[in-house]
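J.: only the shape, not the letters, is given here:
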C-alpha cells in the first residue's frame with residue numbers, strides 16, 4: 001500500500017476551493033507550484049509532527065487492519081517528502097527541516113521511514129518510491145545528491161522503487177512513446193542504480209519505465225535490476241504476468257505508450273481508459289479484457305464488413321463466444337486507418353500494436369472467425385451472402401471539404417488538386433509539395449505530427465490549429481497525454497511555423513490559404529473600449545488587417561472525420577423492406593457510429609466489444 005501526502009500538489013488534485021476535510025494544503029515553503037500554479041501554507045513544526053504521525057497511522061492501518069504485506073513511502077514526483085528533499089523548494093527554512101543543508105532537507109524523509117519501520121517492525125516490508133533526478137538540472141535533486149539521500153535513509157528501507165521527474169518535467173516522469181522508446185527510461189534508471197550499488201548500498205532496487213515486453217524485463221534483470229515495475233503495461237494487459245508464467249508471451253497486449261490512461265486522471269479524475277484494453281475499469285459490470293464470456297447456445301453466422309481495430313475487437317469477442325464471424329475488408333491487410341494512416345506517422349508507429357494484437361489472437365485462438373482481405377462488399381453481395389447478422393465496422397475518413405469547429409462549413413477552394421487528406425498521402429500516395437499548409441481541427445492532433453514529419457524531410461511547413469493554438473493544446477488532448485512539450489519542441493526543432501492563433505482558413509486560393517481571425521469583432525470592441533477609457537488613439541484593429549494570404553503548394557486537411565455509413569444505410573433499408581431473406585439484424589459499430597479523436601479510440605472499441613458480448 002502506497003502512503004502519500006501531496007503537499008502543495010493537493011491543491012491541484014482537488015481543485016482550488018475543495019480539499020479533503022476542508023484543510024489547508026501544506027508544503028515546506030510558500031513557493032508557487034510550477035505545474036498547477038497553486039501555493040500552500042508553509043508548514044510549521046507541530047504540523048510536521050502531525051503529518052509524520054499520520055504516515056505512521058496509515059502504515060499501521062494498512063498492515064494490521066487491511067493485511068498488506070508491505071507499505072511504500074511515496075517520496076517522489078514532487079509530493080510532500082520530495083518537496084522537503086528538493087533544494088529548489090525547501091531552500092529558505094531556517095530550522096532543522098530544511099535550508100541548504102542536505103541533512104536537514106532529508107530529515108523529514110528519514111523520520112518518516114524510521115517511525116514507520118519501528119511501527120510495523122518485521123510484520124511488513126517498508127519500501128520507498130523515490131525520485132533520484134527531478135530533470136531540472138542543477139535546480140532540483142540531482143542523481144549525485146540522490147545517492148547521498150539514499151545512504152542517509154537506507155537503513156530503514158527494505159526496497160527502493162526509483163524513477164525520474166516531477167510535475168514540472170512530467171513529460172519525462174510519465175513518458176509517452178513519442179518521448180522515449182520502449183524501455184529507455186528503465187535502462188536510464190538502471191544506470192543510476194548501478195552507481196548506488198557501487199557506493200555500497202545493498203538494499204534491492206526496482207524501477208518502472210515502459211517495460212512492455214518480457215524480453216526487456218529479462219534484460220534489465222540480467223543487467224542488475226532486482227525488480228521491474230509494470231504499471232501502464234498492466235493496465236493494457238492485466239494478465240501480463242500470468243501469460244509470461246504460462247508461456248503465452250505472444251498473447252500479451254503490449255502498451256503503446258499513448259498515455260490515454262494518464263490523461264483521464266487529469267480530466268477531473270474520470271474513469272480510466274486504455275486504447276489497448278477498452279474494458280478496463282468495467283469488470284464490475286461483467287466485462288473481461290480476455291473476452292471470457294459464456295458460449296452462445298445458438299451460434300450465428302455473422303458477416304462483418306470492415307477489419308479495422310473496432311471490427312477486430314468485435315470479431316474477437318463474438319468469436320470467443322462461439323459465433324461464426326466472416327470478416328471482409330477491402331484493403332490488402334487488416335487494420336483500417338490505424339494501419340494505413342496513423343501508424344505511418346513517426347510519432348504513432350507503436351499504434352500498429354492495436355491492430356496486430358487483435359489479429360494475432362483471432363488467427364491463433366478462433367478458427368470460427370474467417371478473414372477475407374481485398375474483398376470489397378456491396379449491397380448485392382451482402383444480400384446474397386446468407387448471413388444471420390450483418391455488422392458494419394466501416395470506420396471514418398478525414399473530411400475532404402475541410403469542415404471545422406469554427407465555420408461548420410466546407411472551406412472554399414477545398415476541391416483544388418493540391419488539397420489533400422492523410423488518406424491521400426499515406427494510402428493513395430499523392431505527392432506533397434515543398435511548401436505545405438496543415439489545417440488541424442479534429443482534436444486528434446494528427447496534423448501537427450504530420451507537420452513534424454514533413455518539416456524533418458526538409459519541407460517548409462505552416463501549421464494552423466483550431467479552435468485553439470498549439471500552445472493551448474493542454475485544453476484538448478495533447479497536454480493531457482503529456483506530449484505537448486515534446487510536440488512543441490519537435491515542431492520548433494523541425495522548423496514548423498505556427499500560424500497566428502485564433503484564426504481560421506477563410507479560403508484556399510490558387511496561391512495558398514487566406515486566413516482570418518475568428519474573434520475579430522470581440523477583440524476590436526475590447527480594444528476600442530479600453531482605448532476610450534484611457535483616451536489613447538492607438539486603436540488600429542480593422543477587419544481587413546486580420547486577413548492574410550500564406551502561399552503554399554500543398555494543403556493538408558486534418559479537420560473533422562466522416563463516418564462511412566452509406567453501405568450500412570443501403571443494406572438496412574433493404575432489410576427493413578424485406579428484400580434480404582433470412583437476415584435477422586443489421587448493426588453499426590466502432591467509429592462508423594460516430595468518429596472520435598484517435599486518443600478517444602477506447603470508446604468505439606468499447607462499443608464494438610459490447611456488441612460482441614451481447615449479440
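T.: Yep, it's here. Computed from a predicted structure; not experimentally measured.
J.: give the residue spans of the stretch 201-350 of the chain that score low on pLDDT.
T.: Judged by pLDDT under 70, the stretch 201-350 of the chain has its weakly predicted residues at 266-270.
J.: then the stretch 401-550 of the chain?
T.: 471-477, 519-546.
J.: do that again at 90, thanks
T.: Low-confidence segments of the stretch 401-550 of the chain (pLDDT under 90): 405-407, 441-446, 466-486, 500-503, 516-548.
J.: tell me which stretches of it form strands.
T.: 419-420, 435-440, 460-465, 497-498, 503-508, 512-517, 547-551 (DSSP state E, counting those that start in this stretch).
J.: which residues touch residue 42?
T.: Contacts for residue 42 (C-beta atoms under 8 Å, 6 or more residues apart in numbering) come out as 26, 27, 28, 29, 30. (C-beta placed from N, C-alpha, C; glycine too.)
J.: dump the strands of the stretch 401-550 of the chain into a markdown table; add mean neighbour count and distance to residue 214 as well.
T.: Shown next, in a markdown table, are the strands of the stretch 401-550 of the chain (neighbours: other C-beta atoms under 10 Å; distance: least, C-beta to C-beta, whole Å):
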| stretch | mean neighbour count | distance to residue 214 |
| --- | --- | --- |
| strand 419-420 | 22 | 41 |
| strand 435-440 | 24 | 38 |
| strand 460-465 | 24 | 40 |
| strand 497-498 | 16 | 42 |
| strand 503-508 | 21 | 48 |
| strand 512-517 | 21 | 49 |
| strand 547-551 | 15 | 50 |
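J.: of all these, which one is nearest residue 106?
T.: strand 497-498 (44.1 Å; C-beta to C-beta).
J.: returning to what we had before: got the strands of the stretch 401-550 of the chain as JSON lines, with distance to residue 594 columns?
T.: Below are the strands of the stretch 401-550 of the chain laid out as JSON lines (distance: least, C-beta to C-beta, whole Å):
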{"stretch": "strand 419-420", "distance to residue 594": "24"}
{"stretch": "strand 435-440", "distance to residue 594": "20"}
{"stretch": "strand 460-465", "distance to residue 594": "22"}
{"stretch": "strand 497-498", "distance to residue 594": "30"}
{"stretch": "strand 503-508", "distance to residue 594": "23"}
{"stretch": "strand 512-517", "distance to residue 594": "29"}
{"stretch": "strand 547-551", "distance to residue 594": "33"}
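J.: for these, which one sits closest to residue 143?
T.: It is, among the strands of the stretch 401-550 of the chain and with distance given as C-beta to C-beta, strand 497-498, at 35.2 Å.
J.: what's in contact with that closest one?
T.: 460, 461, 462, 463, 465, 469, 470, 491.
J.: isn't the third one right up against residue 438?
T.: Looking back up the chat, that one is residue 462. Yes: counting by C-beta atoms under 8 Å, residue 462 sits close enough to residue 438 to count as a contact (6.9 Å).
J.: who's residue 558 bridged to?
T.: With DSSP bridges as the criterion, residue 558 is bridged to residue 440.
J.: isn't it up against residue 441?
T.: Yes: between residue 558 and residue 441 a contact is recorded at 7.4 Å, counting by C-beta under 8 Å.
J.: let's verify residue 155: helix, strand, or coil?
T.: helix (DSSP: H, G, I helix; E, B strand; the rest coil).
J.: hang on, I meant residue 191
T.: helix.
J.: contacting residues for the most centrally placed residue in the chain?
T.: Taking C-alpha atoms, centre = their mean, the centroid of the chain lies closest to residue 259, which sits 2.3 Å from it. Residue 259 sits next to 174, 176, 232, 480, 481, 482, 483 when contact means C-beta under 8 Å, 6+ apart.
J.: any idea which of the residues you listed is closest to residue 314?
T.: Checking the contacts of residue 259 against residue 314 by C-beta to C-beta gives residue 232 as the nearest, at 25.0 Å.
J.: how far off centre is the host helix or strand of residue 313?
T.: Assigned by DSSP states H and E, residue 313 falls within helix 309-320. Offset of helix 309-320 from its chain centre (C-alpha atoms, centre = their mean, to the nearest Å): 23 Å.
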